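Chemist: Everything below, folded, please.
(chains A, B, C and D)
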2 protein chains.
Amino acid sequence: MELAEISRVSVADQVASILRQRILDGELPPGTALQEVPMATSLGVSRNTVREATRILSLEGLLKRSAHRGVAVARLSLEDVAEIYRLRHLLEIPAVRAAKMDDADVLAEMRRALEGYEEAVEGVDWVRAVRFDLHFHTLLIRFHRNRRLESFYEKLLGELRMGMVLVDLRHDNPAGLVPVHRRIHQLLTNGEAEECRTLLAQHLRDSETRLTAVMDQRMARAAAK
Amino acid sequence: MELAEISRVSVADQVASILRQRILDGELPPGTALQEVPMATSLGVSRNTVREATRILSLEGLLKRSAHRGVAVARLSLEDVAEIYRLRHLLEIPAVRAAKMDDADVLAEMRRALEGYEEAVEGVDWVRAVRFDLHFHTLLIRFHRNRRLESFYEKLLGELRMGMVLVDLRHDNPAGLVPVHRRIHQLLTNGEAEECRTLLAQHLRDSETRLTAVMDQRMARAAAK
DNA sequence: ATATGGGAATTGTTGAACACTTGACTCTGC
DNA sequence: GCAGAGTCAAGTGTTCAACAATTCCCATAT
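Modeler: Next comes the predicted model:
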């Protein structure tokens, strides 16, 4: 008796998932104002359900509510980026340290993420590439074997992703990041933790610098207008 | 023009706060089932508002929803406790390392928490003592100067607190924990980070052992019936 | 004793209503 | 012109009432 995919998720959760994806894929860029009635009618649900969904996403940090002024897609500031990257160092480096030999399952999944990453880069699909990139790092966190930490980390990287999908391909080259990840994976499988940590730390610094630079440009251009 | 304390918080948030407090103070012990209509009428709000509040608290991990079965106060398992304590080590120890000389404000607030702790213990107010104990540790996290981390940590300790307020005073002696905290604070002010970290690590291990033991007893007693 | 149907109770979702806030717009009086 | 008061539409916050869907309990039949 193979119970079919009966919809066991509430409508509100489904709406939240839809919106989450649209935000993370850059379809709804930061700052976009969302009105309850139009969303409700376009999604075919009631206003109350939409409100529950926005409540979820605002607690995740993807939406920002201001009383009587509605919700809008959150805007990542430079301080936010700095804060998130400090957490990445704090959590990812010890994750490598926590990696054990019996974590072959995680390593295998990291390999799949790596392959997806490469494919996305070949197909010049920046959104997909970013998704795989950050998924790779979430898998790193999995070495901690800690559900609470992992869900927190996914939330964190979600916020980051919101900012990263906006970077213009002309100003940044995602393809260059594949080798670094591949090397990290290799060092992990070989158990060369020490070198892996230094490489990872370097990669995180690079990544932050790159994102910060792009955001700086964007803000300067926005201010110029 | 001193603008009065105009209620700028939504009713749903206020309801969430009320419930949160009742849960954290042990007034609503783990496992308690909460029904929407009774809550709504007793609080004088609508059912929708109650639903929003429970949505908030379930995302915080204090309530657990199961579809069509309602919400209940979350029950902390031994695995949960282990998971949370691993995070406490992961986050509090580096916090001490991050402490700088210009963190006098945090140290001052820690001293106040310490005083509150001592008063609560003198007054044999276990709930208040636990609150100050955990607040002290939240302040430790503040050395990271990271809002996201701090709010995550408050959520974590909230879950723990839910379990701690239940321990019977006869089986545990909160008064014994005051000196350790006082020493930690002292080591921090003196800048003796190294010794502080080892003491803190020891304290965390002790704390986990104590809580786990009490929970084991409770579960054994519950299973016996 | 085990299953098999009802219901009753409760949650999930909807739609409509109303109070309140906000922001923009207009209309002054200077 | 323009600063400020009044006006008003649009949108959110909240309530209420209804109905659909699901679970749980219990009586009944086998």
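Chemist: Quick one: list the elements packing against the longest helix belonging to chain A.
Modeler: Identified as the longest helix of chain A according to DSSP state H is helix A:193-224. Under the contact definition 3 or more Cβ pairs under 8 Å, 6 or more residues apart in numbering or on different chains; DSSP states H and E, helix A:193-224 sits against helix A:78-98, helix A:147-164, helix A:178-190. (C-beta placed from N, C-alpha, C; glycine too.)
Chemist: Buried residues in the worst-scoring helix or strand of chain A on mean pLDDT, which are they?
Modeler: Scoring the helices and strands of chain A by mean pLDDT, DSSP states H and E places helix A:193-224 at the bottom, with a mean of 91. By neighbour count on 16 or more other Cβ atoms under 10 Å in any protein chain shown, the buried set for helix A:193-224 is A:196-197, A:199-200, A:203-204, A:207-208, A:210-211, A:214-215.
Chemist: Distance-wise, check whatever residue of chain A ends up closest to DNA strand D relative to A:Arg20.
Modeler: Of all residues in chain A, the one sitting closest to DNA strand D is A:Gly70 (3.4 Å; Cβ to the nearest atom of the strand). Distance of A:Gly70 to A:Arg20, computed by Cβ to Cβ, to the nearest Å: 18 Å.
Chemist: So between the two, which is more surrounded?
Modeler: A:Arg20 (18 against 14; other Cβ atoms under 10 Å in any protein chain shown).
Chemist: where does the more buried one land on pLDDT?
Modeler: Per-residue pLDDT puts A:Arg20 at 97.
Chemist: did I read that right, it in a helix?
Modeler: Yes - assessed with DSSP: H, G, I helix; E, B strand; the rest coil, A:Arg20 lies in a helix.
Chemist: Test my guess that it contacts A:Leu62.
Modeler: Yes - assessed by Cβ atoms under 8 Å, A:Arg20 is found in contact with A:Leu62 at 6.4 Å.
Chemist: what do those two both touch?
Modeler: A:Gly158 (Cβ atoms under 8 Å, 6 or more residues apart in numbering or on different chains).
Chemist: re the thing from before, deepest in the core, which of the helices and strands packed on helix A:193-224 is it.
Modeler: helix A:147-164 (a mean of 20; mean count of other Cβ atoms under 10 Å in any protein chain shown).
Chemist: Tell me the one of the buried residues of helix A:193-224 nearest A:Ala120?
Modeler: Distances from A:Ala120 to the buried residues of helix A:193-224, taken as Cβ to Cβ, are shortest for A:Ser207 (16.7 Å).
Chemist: so what's the closest one up against?
Modeler: A:85, A:177.
Chemist: Check A:Val167 too.
Modeler: Per Cβ under 8 Å, 6+ apart, neighbours of A:Val167: A:126, A:211, A:214.
Chemist: out of those residues, who's nearest B:Phe152?
Modeler: Of these, the one sitting nearest to B:Phe152 (Cβ to Cβ) turns out to be A:Leu211, at 21.7 Å.
Chemist: low pLDDT regions in chain A?
Modeler: By pLDDT under 70, the low-scoring segments of chain A are A:1-7, A:168-172, A:174, A:225.
Chemist: Can you pull the residues of it lying near DNA strand D?
Modeler: A:6, A:34-37, A:47-48, A:51, A:65, A:67-71 (Cβ under 7 Å from any atom of the strand).
Chemist: among those, who's most crowded?
Modeler: A:Val71 (24 neighbours).
Chemist: ok, that one touching A:Lys64?
Modeler: Yes - with contact defined as Cβ under 8 Å, A:Val71 reaches A:Lys64; the gap is 6.6 Å.
Chemist: joint contacts of the two?
Modeler: A:Ser58.
Chemist: Close to DNA strand C: what parts of chain A are there?
Modeler: A:10-12, A:44-49, A:67-69.
Chemist: residues in chain A within reach of chain B, list them.
Modeler: A:8, A:10, A:12, A:48, A:51-52, A:55-56, A:59, A:61, A:67, A:83-84, A:86-87, A:90-91, A:94, A:144, A:146-149, A:152, A:156 (Cβ under 8 Å from any Cβ of the partner chain).
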